[in-house]
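Q: model this:
(one chain, ligands or ions: 1)
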Amino acid sequence: MLRDRIEQLEARVRRAAARSGRRAEGITLLAVTKLFPAAVIRQAYELGLRRFGESYVQEFETKAAGLGELAEARFHLIGHLQSNKSRRAAQRFDVIETLDSARLARRLEEVPAALRRSGPARLEVMLEVKLSPEEAKSGAGVEDLPALVEAVRACPSLELTGLMTMPPWSEDPEESRPYFRRLRELAGRFGLTKLSMGMSHDLEVAIEEGATEVRVGTALFGPRAER
Ligand SMILES: *Cc1c(COP(=O)(O)O)cnc(C)c1O
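A: Below is the predicted model of the structure:
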């Protein structure tokens, strides 16, 4: 039952926070609903969840039609964003966590406030950082960050709040720790306070390393169908 899984997950977050001398209230739970139907988002909302992560602009557009009015729901884009979909992303999402180029920042900056989901408020963005040389992985390289941070901060319609990363998948959560630690160091260097890191299998390690947001799919909703 989803209700039980939410409780178990919140308990994991509380324990990890307590162990690291942190307040659990400082850690946002992002429920990752990619590839699950709108009914699952509605059910999670009824059970009190408010932040949802989606990976594909088009899939979310299709689902949004069946969502109805969830007044307090906030949606984060956590999948790679192509610049030709930037307008559609700004229309649908409250937070874009996967900004990884100055070109994409300029495209988001160009979306008129009247079209943005954030309206006259700035659109919140985070930079996705690629910390491993793995192929086929999006995100900005560490060496590109200084220029990228500067470019995003020069966009008056965007509010840069933090960094996001996804380490190479490993069964052993300890393998993620060096990546999380590195992300935290980088955020500090640029004066950024939000850290989106940690998923179902490694969220405890992420919280110990300072995560302010964990992105959890499987532990809440079970296995996903392949895309
Ligand atoms: C799918 C996804 C998640 C959730 O992963 P789980 O292992 O199901 O918790 C988190 N972050 C990103 C970027 C994802 O694509």
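
Q: how many neighbours does the closest residue in space to L49 that isn't next to it in sequence have?
A: Among residues not flanking L49 along the chain, A31 sits closest, at 4.9 Å (C-beta to C-beta, 6 or more residues apart in numbering). Placement of C-beta: from N, CA and C, glycine included. Residues near A31, counting by other C-beta atoms under 10 Å, number 25.

Q: export the stretch of helix or strand A31 belongs to as PDB, just CAs?
A: Using DSSP states H and E, A31 sits within strand 28-32. C-alpha atoms of strand 28-32 as PDB (Å, rounded to 0.1, in the frame of the first residue of the first chain):
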ATOM      1  CA  THR A  28      12.300  17.600   0.600                       C
ATOM      2  CA  LEU A  29      10.900  14.400  -0.700                       C
ATOM      3  CA  LEU A  30      10.400  14.400  -4.400                       C
ATOM      4  CA  ALA A  31       8.100  11.600  -5.500                       C
ATOM      5  CA  VAL A  32       9.300  10.400  -8.900                       C
END
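
Q: how much does the helix or strand following that strand deviate in direction from strand 28-32?
A: Following strand 28-32 in sequence order, the next helix or strand is helix 38-46 (DSSP H and E). Relative orientation of helix 38-46 versus strand 28-32 (axes from the mean of the first three to the mean of the last three C-alpha atoms, to 10 degrees): 160 degrees.

Q: what's in contact with helix 38-46?
A: With contact meaning C-beta atoms under 8 Å, 6 or more residues apart in numbering, helix 38-46 is reached by 2, 6, 31, 33, 52, 63-68, 70, 72-73, 220-221.

Q: Among those, which are located in helices?
A: Among those, the ones falling in helices (DSSP state H) are 2, 6, 63-64, 220-221.

Q: least confident pick among the contacts of helix 38-46?
A: Model confidence across those bottoms out at G68, which has 83.

Q: How many neighbouring residues does the closest residue to that one other than its chain neighbours have?
A: Residue nearest to G68 in three dimensions, not counting chain neighbours: R42, with 7.1 Å by C-beta to C-beta, 6+ apart. Neighbour count for R42, taken as other C-beta under 10 Å: 15.

Q: before we move on, back to that, in the sheet, who's paired with the residue nearest to L49?
A: Note on A31: beta-bridge partners by DSSP bridges are F52, V216.
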